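In: okay, here's the prediction I keep looking at, along with the sequence it came from:
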Amino acid sequence: MLSLNLTGTVSSLPNAKGDLFVQMGILRSQVNISDLEIIDEPVITGKHLQKTSSGKMKMKKTMSVRPEINLLGKTVDEAIAELDKYLDDAYMSHISPVRIVHGKGTGALRSGIHNYLKRQKHVKSYRLGAFGEGDAGVTIVEFK
């Protein structure tokens with residue numbers, strides 16, 4: 001990411017929308033191919049130093065990460081895909097806490113999001129919003 005000076009390795013081919021997965025250390029994020037830039041990286045082989053295009057990418061952050069994501073009206077699968085990218089971006093931008101708006105409804109989206117958050121290593125804690133934060137329609141996430 002140019003804004004955070006991070007590099008990563010592409011780990012999938014782009015889908016029909018041009019989105020692909022990039023591995024940056026322990027974080028894996030889905031980004032659009034237009035947000036990537038190929039960089040040359042020196043590779044040491046024996047006693048010689050070579051420059052090679054190794055598939056490493058530097059990501060450009062085209063917009064700042066907001067402290068809130070709105071997932072209203074999405075299916076659980078759509079929401080998790082969007083949330084995964086958002087949480088990686090927020091974590092790398094050192095934004096904590098973040099607010100996930102999922103609505104009250106039947107609770108299916110909230111339940112799916114909470115099950116997903118339980119498995120995330122960079123999530124320290126999460127809770128439903130308090131009065132004035134959105135009550136049971138939002139989840140507040142703190143990062144480690």
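Out: Good, I have the coordinates.

In: run a quick neighbour tally on the nearest residue to G18 once chain neighbours are set aside.
Out: Among residues not flanking G18 along the chain, I33 sits closest, at 4.5 Å (Cβ to Cβ, 6 or more residues apart in numbering). Any C-beta I mention is one placed from the backbone N, CA and C, and that applies to glycine too. Using other Cβ atoms under 10 Å, I33 has 14 neighbouring residues.

In: pretty sure I33 contacts D19?
Out: Yes. Contact criterion Cβ atoms under 8 Å: I33 and D19 qualify, at 7.4 Å.

In: for the residue nearest to G18, give its distance to K124.
Out: 32 Å (Cβ to Cβ, to the nearest Å).

In: ok, V98 next?
Out: 12 Å.

In: need the overlap of contacts for these two.
Out: Taking Cβ atoms under 8 Å, 6 or more residues apart in numbering as the criterion, V98 and K124 both touch F143.

In: looking at these two, which is more packed in?
Out: Neighbours were counted for V98 and for K124 using other Cβ under 10 Å; V98 has more, 24 against 12.

In: specify the beta-bridge partners of that one.
Out: V141 (DSSP bridges).

In: mind checking how far it is from V76?
Out: Distance from V98 to V76, by Cβ to Cβ: 19 Å.

In: same thing with R99?
Out: 18 Å.

In: repeat that for V31.
Out: 22 Å.

In: lowest-confidence helix or strand of the protein?
Out: Taking mean pLDDT, DSSP states H and E as the measure, the helix or strand of the chain with the lowest value is strand 48-52, at a mean of 46.

In: list the buried ones in stretch 94-113?
Out: I95, S96, P97, V98, R99, I100, H102, G103, L109, R110, G112, I113 (16 or more other Cβ atoms under 10 Å).
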